[in-house]
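**Q** Here's my sequence, what's the structure:
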Amino acid sequence: MYEVGMYKRVLVVVASVLALLAIIWIVQGNDFFMYKVFAPRYEAARREVFINTPSYVNGKRQFLARLHHEWENADAGHRESLCALARSEAATVDMNLMPAELRTWECAR
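**A** Prediction:
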């Protein structure tokens, strides 16, 4: 009789551990699902806020102004590479926030 009670206790402990593991598995799976669904949206919102910060826009303005100055003083061979760099940088910022000379610069369009 005593052995049957001990087996029941062991069975209850093993079942409890398995139930706990199942609950942890479900919670982790739910966490992964939530991250998979919402993480891209969170990151897109964070990026949108970041690219509209004054420090980001000012940094892009300064870099594009420096490129424009280098482009004006460069020879024909270097102008195309400076234009390619300016185009890639201008694509990451709203050009309406840039000064008129950068907005009208053909390399930044």
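**Q** Val13 - how many residues pack around it?
**A** One way to gauge burial is a neighbour count; for Val13, by other CB atoms under 10 Å, it gives 10. In short, each C-beta sits where N, CA and C put it, glycine included.
**Q** how near is it to Gly5?
**A** Computed as CB to CB, to the nearest Å, the Val13 to Gly5 distance reads 13 Å.
**Q** out of everything not next to it in sequence, what's closest to Ala90?
**A** Excluding its sequence neighbours, the residue lying closest to Ala90 (CB to CB, 6 or more residues apart in numbering) is Ala108, at 4.1 Å.
**Q** burial of the one you found, as a residue count?
**A** Residues contacting Ala108 under the criterion other CB under 10 Å number 21.
**Q** so who does it touch?
**A** For Ala108, the contacting residues are Leu64, His68, Ala86, Arg87, Glu89, Ala90, Met95, Met98, Leu102, by CB atoms under 8 Å, 6 or more residues apart in numbering.
**Q** what are the ranges of the helices in the protein?
**A** Taking DSSP state H, the helices of the chain run over residues 2-51, 54-73, 76-90, 100-103.
**Q** Restricting to C-alpha, output the last one in CSV.
**A** Presented in CSV, the C-alpha positions along helix 100-103 are these (Å, rounded to 0.1, in the frame of the first residue of the first chain):
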residue,chain,number,x,y,z
ALA,A,100,17.3,75.5,-51.8
GLU,A,101,20.8,75.0,-53.2
LEU,A,102,20.7,71.4,-52.2
ARG,A,103,17.1,70.9,-53.4
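**Q** how about it: buried residues?
**A** Residues of helix 100-103 classed as buried: Leu102 (neighbour count, 16 or more other CB atoms under 10 Å).
**Q** For it, give the mean pLDDT please.
**A** For helix 100-103, mean pLDDT is 90.
**Q** center of the chain, which residue is that?
**A** Closest to where the C-alpha atoms of the chain average out (CA atoms, centre = their mean) is Glu43, at 4.7 Å.
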